[in-house]
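[1] Everything below, folded, please.
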Amino acid sequence: MRRFSLLVLVAALAATGSGVASAATTPLTSDPPVNLAPYAKGRSQPVRDPVFPAYGNPSIDVLHYGLTLAWRPARRSLTGTATLTLRAMEPISEIRLDFGRALKIDEVTVGGRPVKPKHRLDDLTIPLPAPLSADQGARVVVRYHGVPKPHRSGQRRSDLALLGLRSAADGSAWALQEPFGAFTWFPVNDHPSDEALYDVAITVPKGWAGVAHGTYRGRSEKGRTVTYRWESADPVASYLTLFTADRYRMHRAKGPRGIPITYWVRREDGWALPVVRRMPEMLRWMEKKAGPYPFPSAGLVATSGSGMETQQMITLGGRYLRAEVVLHELAHHWFGNSVGPRTWQDVWLNEGFAMYFQIQWTADHNPGSMNDHMADLREREKEVREQMGPPGDYRRDWFAGSNVYYGPALMLHEIRKRIGDKRFFAMTRAWVQEHRNTGQDRASFTTWVNQHTGEDFTELIDAWLDSRTSPRS
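    Sure, this is the predicted structure:
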C-alpha cells in the first residue's frame, strides 16, 4: 500500500471533498504490499444488489475473514476481533462495511496503523491512511464487543422476520442471515457476490460448544474456557456463515469417499439423531444426481432456529429436523453454496434446484411418482405466484417465498420431460462441476443450458420466471 505525505493528503481531501487522491499526488514512500496470493480462492467480483442495495459494497472484495470470537452466555455478550484481507475494486480512500449498531468498536487498524472509523447505524466507515488504487490490498483489524441484536427485516416469511444473531434466556445463541444479517455479529461485506475464505475461532465456557461454518479443526482448553476452530478453504457467501453456541454434543460419521461429518446435537434434541444419521445416505444419493460433494466436510447443528444451508454445517431446529428438509439443505451445497446467485434477484437458482431434489428424494422414498408430486406442486404454484409475484421478479417483502421454490422446480421438470432423464441429470451434474465456487445469474444459466443441451430453452425459462400466471405445460 502506498503512503502519502499526511499534509498533502489532508489538503487534497479538504480541497476536493473527495476520498480519492488527485492523480497529481505523488507517493513519497511505499509500504510493503499486502500479499493477496494465499487468498486467491477468495477473489470475487462484487456487484450492487438490485433488490437490497443497502447491503454490500461493490468497491471492495474481501478475500479472507479471520474471526476470533468469545461468547459469554451469562451476559449474552460477544467479544470479537475480525481481521479482513481485502482488495480495492476501484480507487478508494475509505472502506465501508456492514456492521451492527448494537456492537461497540474498541479499535480499528489498517496495515497496523490505528484509524478513527465512523459507526453510524449499521454502517462502519474506515478511513484509509493512504488511498488504494484498483486491485491493491489492505488488511483491516476491527476489535469490538457488545450484546448483539437481530435485525428486523420487514419480511413476510415468519422465520425471516428477524435476521442475524439472536440469543435466548439460557444464554444460547445462533445466527441465521439470509439475505443479510451477518453484520449483526462481525464487520462484513454482506452480499452474496463477495465470497471469501474464513478461519473462525469461538471461545465458550467449558460444557458449551461454539459451532461455525466450514471444517471442524479441533478444540483447545484454557482455564474455564474452550475454543473451537473452523476453517473454510472454499469461498463462502456471508449469508451462508454460521455462529452458534450451546451445550452441544459432537457425533462423528463418514460420508462417501470418507468425507468427515460432524453432528452437533443438544441432549433435548437427541430424538432427531436417527434422522441426522441419514446424512451419509443422502450424500450418496445426491452425488448420483449432482456429482461429487463439493466440499471437504459436512455436518449438521441442531439449533433453536429454523432451517438453513449454512456452508458445510446445515442448521436445523425443531419441526425442521425431518429427512426431506435435511436433504433440501444438503442439495443447496451443490445448488446455492458451490454455485450461487450473484444477486438476490436470482434466489430462484438456489431454491428451485433444492426444491426439485427434495421432491425427487420424496418420490424415491415414499408412495407416488415424480410426476404425481409435480402435478400437486403445480396446483399450489398458481396461488403463490399470484400472491408473491413471479420467481424472477418477486415482491421485495416476500423474499424467499414459496414462489421461488415451486415455479423454478416446475421449470426444471419441464426441461427434464423434453430432454429425458439421462440428459437431464447429466446437465445437473455438469452445471455444478463446471461452475464450482462461482456466482451465476439468469442470463448465464440460460446461455449454458442452451449450449449444453443444444436446444433453445430461453422462452420456457423466461415464461416460468417472468409470467404473472403459471405457464402451461
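
[2] can you map out the strands along the stretch 51-200 of the chain?
    Ranges of strands in the stretch 51-200 of the chain, per DSSP state E, counting those that start in this stretch, are 60-72, 77-88, 92-98, 103-110, 113-114, 118-120, 123-132, 137-146, 151-152, 162-167, 173-176, 196-205.

[3] what about dumping the CA coordinates of the first one to CSV?
    Translated: strand 60-72. Provided in CSV are the C-alpha atoms of strand 60-72 (Å, rounded to 0.1, in the frame of the first residue of the first chain):
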residue,chain,number,x,y,z
ILE,A,60,-14.2,-3.8,-2.2
ASP,A,61,-13.6,-7.6,-2.4
VAL,A,62,-12.9,-9.3,0.9
LEU,A,63,-10.8,-12.3,0.3
HIS,A,64,-10.4,-13.6,3.8
TYR,A,65,-12.0,-13.2,7.3
GLY,A,66,-10.2,-14.2,10.4
LEU,A,67,-12.7,-14.2,13.2
THR,A,68,-11.7,-14.6,16.9
LEU,A,69,-14.9,-14.6,18.9
ALA,A,70,-15.8,-15.1,22.6
TRP,A,71,-19.3,-15.7,23.8
ARG,A,72,-20.3,-15.1,27.4
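
[4] Just checking: what are the partner strands of it?
    Here strand 60-72 is paired, per DSSP bridges, with strand 77-88 (antiparallel), strand 196-205 (parallel).

[5] And for the helix or strand following the last one, what's in contact with it?
    Towards the C-terminus, the helix or strand next in line after strand 196-205, according to DSSP states H and E, is strand 209-212. By Cβ atoms under 8 Å, 6 or more residues apart in numbering, the surrounding residues in contact with strand 209-212 are 67, 69, 71, 198, 200, 202-204, 226-228, 230, 241-250, 264, 301, 313. In this view, the C-beta of every residue, glycine as well, is placed from N, C-alpha and C.

[6] What subset of these is buried?
    Buried subset of the contacts of strand 209-212 (neighbour count, 16 or more other Cβ atoms under 10 Å): 67, 69, 71, 198, 200, 202-204, 226-228, 230, 241-248, 264, 301, 313.

[7] Tell me where the stretch 351-473 of the chain is predicted with low confidence.
    Nowhere does the stretch 351-473 of the chain drop to pLDDT under 70.

[8] ok, 80 please
    Across the stretch 351-473 of the chain, the ranges flagged by pLDDT under 80 are 473.

[9] And the helices in it?
    Remark: helices assigned in the stretch 351-473 of the chain by DSSP state H, counting those that start in this stretch are 370-388, 403-419, 421-434, 442-453, 458-466.

[10] Of all the ones you listed, which one is nearest Ala40?
    With Cβ to Cβ as the criterion, Ala40 lies closest to helix 421-434 of the helices of the stretch 351-473 of the chain, at 19.6 Å.

[11] now the nearest residue to Gly146 once chain neighbours are set aside: how far from Ala168?
    The shortest distance from Gly146 to any non-neighbouring residue, by Cβ to Cβ, 6 or more residues apart in numbering, is to Leu103 (4.0 Å). According to Cβ to Cβ, to the nearest Å, Leu103 and Ala168 sit 19 Å apart.

[12] do the same with Pro73
    9 Å.

[13] Who has more neighbours out of the two?
    The residue with more neighbours, out of Pro73 and Ala168, is Pro73; 19 against 12, by other Cβ atoms under 10 Å.
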